[in-house]
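A.B. asks: here's a sequence, model it:
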Amino acid sequence: MVVFGPTDQIEIYGYPKEVFPPTDFHTATLTGDRIIVIGCLGYMDDRRPGYTPVYSLDLSGYRFTKIETSGEWPGWIFKHEAAFDLERTITIRGGKTNEEQDGEIRFRRNVEEYALDIRSWNWRRLTDRNWPQFLIKPEDRDRFAPERYPKVEELWPRNIEYAVIPCDDRRQSWIVVEGVTVSIIISPRNIEVIVEGGLPDDFPHRLAEEIRANAEAAIQRRCILEPV
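C.D. replies: Now for the predicted structure:
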């Protein structure tokens, strides 16, 4: 930790891993005379799917303390946002979580909001969206080839009616299907499809499968579809 003093003085504090482990991609929220640190990506061997790490930094002595919380945790969350309100509550949203499914660790985009009461240290889940999420990957699990990177417009469904929401990001797209927004996010290793609402029966899977087929045709490689 680096502290900048009022007269250009700089102090650097180091902490042993047992006191304050790596907390990359965390949030740090000022609440009076302390900073509450929530979440992280951390080292692979230290990640605990389902658990949410919380620490408190005392600004009077720069002492870190691990906070044990209860309630409905957001999970092993990182790259999220946090906001503090007058009810003494920190609300977090967005980001990703590290979850275990069928013995495999996967990253899942967080679509819910959670509130942490800093008096009781109890978590409360504020939303219950449970939006369907899918990952589309090359069957060989390798990255998309630089010379044949899929374009978002190549992924749009051909047999399902939709409207496009304008976006300047070439790696991200939003379409509207039957009044529900669907986000398509392209990264070097996979394509994320998130159905941001309720569609009937197996419609989300059918939509994601069509996007998978379009991705496969675009990159000329076999692709697989995985619910997340």
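A.B. asks: quick one: secondary structure of residue 216?
C.D. replies: Each residue gets one of three states, and residue 216 gets helix by DSSP: H, G, I helix; E, B strand; the rest coil.
A.B. asks: quick check: closest non-adjacent residue to it.
C.D. replies: Spatial nearest neighbour of residue 216, chain neighbours left out: residue 223 (4.3 Å); criterion: CB to CB, 6 or more residues apart in numbering. Bear in mind the C-beta positions are built from the backbone N, C-alpha and C, glycine included.
A.B. asks: what of residue 105?
C.D. replies: residue 98 (6.2 Å).
A.B. asks: export the host helix or strand of that neighbour to CSV, keeping only CA atoms.
C.D. replies: When elements are assigned from DSSP states H and E, residue 98 belongs to strand 96-101. What follows is the C-alpha trace of strand 96-101 in CSV, where atoms were taken according to Å, rounded to 0.1, in the frame of the first residue of the first chain:
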residue,chain,number,x,y,z
LYS,A,96,-17.4,-11.8,-12.5
THR,A,97,-17.4,-14.7,-10.1
ASN,A,98,-15.3,-17.8,-10.0
GLU,A,99,-17.7,-20.8,-9.7
GLU,A,100,-17.4,-24.6,-9.7
GLN,A,101,-19.6,-26.6,-12.0
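A.B. asks: so what strands line up beside whichever helix or strand comes after it?
C.D. replies: Along the chain past strand 96-101, the next helix or strand (assigned with DSSP H and E) turns out to be strand 104-109. For strand 104-109, the paired strands and their directions (DSSP bridges) read strand 96-101 (antiparallel).
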